[in-house]
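Colleague: I need the structure of the sequence given here:
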Amino acid sequence: MMTKEDVSELFANIAENAPWDLSQPLLWGYYFTNPTSEPLEQAATVLALQGYRPVELYQPELDDPAAPPVWVLHVEKAEVHGVDSLHARNGELMAFAQENQLASYDGMDVGPVGAPDVPQH
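Modeller: Numbering: from 1, shown residues only. All right, here's what the predicted structure looks like:
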């Protein structure tokens, strides 16, 4: 999980390098992983009821062909965040992953609303 210091560095990087107004909503993408897709499909339904938009459920290509399969759920929500609120959101989503017995909450990315995702890990 990202520490509060990591989140603070992310915001400093956005302020310095991205032409986005941090006082306006940005499109925050959140990622969850699991070895099977069914729990992620159920999680997507629950998250949609909480205002997140499911983007995709996919199996990424893994560098190691012997690695066990993994599924990724990507959801997004347009929100205004600061360091404290994003750090809290990450904690909430990590708890959600644990409560729903998902393998992990795998972090987030951010981009401008209305544009393709621009990872800012």
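
Colleague: residue boundaries of the helices in the chain?
Modeller: Secondary structure of the chain by DSSP state H: the helices cover 4-17, 38-49, 83-99.

Colleague: can you say which of those is nearest to Tyr30?
Modeller: Among the helices of the chain, the nearest to Tyr30 by Cβ to Cβ is helix 83-99 (5.7 Å). All C-beta atoms are positioned from the backbone trio N, CA, C, and that covers glycine.

Colleague: contacts for that closest one?
Modeller: Helix 83-99 has contacts (Cβ atoms under 8 Å, 6 or more residues apart in numbering) with 1-2, 4, 7-8, 10-11, 28, 30, 32, 43, 46-47, 81, 102-105, 107-108.

Colleague: low pLDDT regions in the chain?
Modeller: Applying pLDDT under 70 to the chain flags the ranges 115-121.

Colleague: tell me the centre residue of it?
Modeller: Against the mean C-alpha coordinate of the chain, by Cα atoms, centre = their mean, the closest residue is Tyr30 at 1.4 Å.

Colleague: show the contacting residues for it.
Modeller: Residues counted as contacts of Tyr30 (Cβ under 8 Å, 6+ apart) are 52, 74-77, 93, 105, 107-108.

Colleague: including distance to Gln24 and neighbour count, could these go into a markdown table?
Modeller: Formatted as a markdown table, the contacts of Tyr30 follow (distance: Cβ to Cβ, whole Å; neighbours: other Cβ atoms under 10 Å):
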| residue | distance to Gln24 | neighbour count |
| --- | --- | --- |
| Tyr52 | 19 | 21 |
| His74 | 22 | 21 |
| Val75 | 20 | 24 |
| Glu76 | 16 | 21 |
| Lys77 | 14 | 17 |
| Leu93 | 22 | 22 |
| Tyr105 | 25 | 22 |
| Gly107 | 22 | 18 |
| Met108 | 18 | 23 |
